[in-house]
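# curious how this folds, go ahead:
(2 chains)
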Amino acid sequence: MADATLDAKGLNCPLPILKARKALKDVPAGGTLEIVATDPGAVADFQAFCRQTGNELLEHSEDDGIYQFLIKKTA
Amino acid sequence: MSAEEKSMSIIVTKGSLDWAYPPFILATTAAAMGLPVTMFFTFYGLPLLFKKLNLQVTAAGNTAMKMPMAGMHMGLPNLVTAIPGVDAACSVMMKNLIKKKGVASIEELREMAVEAEVRMIACQMTLDLFEYSKDDMIDGIEIGGAATYIECATQADINLFI
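This next block holds a predicted model:
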């Protein structure tokens, strides 16, 4: 169970990233944020976001057009 | 944060609805990724700092603008784009698409840029040239000129002109 969840379904670039950044602020260090999105571009973008910010993308998956991301706040 | 030593600047020169997107998308995203961002608003980009925005697209000369309609993509011949009301109709269509596809409004992106402490500089010369007043613009912006921008650009890793 993640420490926080963000529903970014229906949102287009760059909103999932911007809202994830905001949501991460309230996650304690070492905690996790789960994001659910429908934007296919979010797959590459969350990987880039995590590489750049130093947060860890623990897992990501796709099921029937719904993308799920789990980010660990390490930065 | 690993990105903190990198920074970005953007010169914003265009103020139509479509051209307002790239600078605000990149500024907010870069800020979200930990980069300090400066936006320098000049010429037709300056009105993007007005408190009240009513952005329009211009169909004339914009031959690549094709909107999805009835299962295909429709563009307008240049002659048609000269008819009064066509730009307004195209702008309404574009705004409806933006809403339908979950794309942020420019107002929303600008709000997020302000929240993310993106530095926004209004070009003094453009204010004088087009007789704009700082009073009509959102709070928190700075006024500056070319030297202000150049100083910022010499320190930034990414400098964009849009």
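# all helices of the chain, in order?
Just so you know, I chose chain A. Assigned by DSSP state H, the helices in chain A fall at A:15-25, A:42-53.
# that's the wrong chain, I wanted chain B
Remark: helices assigned in chain B by DSSP H are B:17-32, B:78-81, B:86-100, B:106-115, B:124-129, B:146-155.
# quick check: angle from the fourth one to helix B:17-32?
Same thing as helix B:106-115. 30 degrees (axes from the mean of the first three to the mean of the last three CA atoms, to 10 degrees).
# how about the third one?
Counting by the same axes, to 10 degrees, helix B:86-100 points 30 degrees away from the direction of helix B:17-32.
# and helix B:86-100 with chain A, contact?
No: under the criterion of CB under 8 Å from any CB of the partner chain, helix B:86-100 makes no contact with chain A; the nearest approach is 8.8 Å. Using the backbone N, CA and C atoms, a C-beta is placed for each residue, glycine as well.
# and that helix, what does it pack against?
With contacts taken as 3 or more CB pairs under 8 Å, 6 or more residues apart in numbering or on different chains; DSSP states H and E, helix B:86-100 sits against helix B:17-32, strand B:67-69.
# packing partners of the last one?
Under the contact criterion of 3+ CB pairs under 8 Å, 6+ apart, the helices and strands touching strand B:67-69 comprise strand B:72-74, helix B:86-100.
# figure out which of the helices and strands packed on helix B:86-100 is closest to residue B:10.
helix B:17-32 (4.9 Å; CB to CB).
# from the chain's centroid, how far away is that closest one?
How far helix B:17-32 lies from its chain's middle: 7 Å, per CA atoms, centre = their mean, to the nearest Å.
# picking up where we left off before, deepest of the helices of chain A, which one?
helix A:15-25 (a mean of 21; mean count of other CB atoms under 10 Å in any protein chain shown).
# out of the helices and strands packed on helix B:86-100, deepest packed?
helix B:17-32 comes out most buried of these by mean count of other CB under 10 Å, with a mean of 22.
# so what's the one residue in chain B that gets nearest to chain A scoring on pLDDT?
Using CB to the nearest CB, residue B:32 is the residue of chain B that sits closest to chain A, at 3.8 Å. The model reports residue B:32 with a pLDDT of 97.
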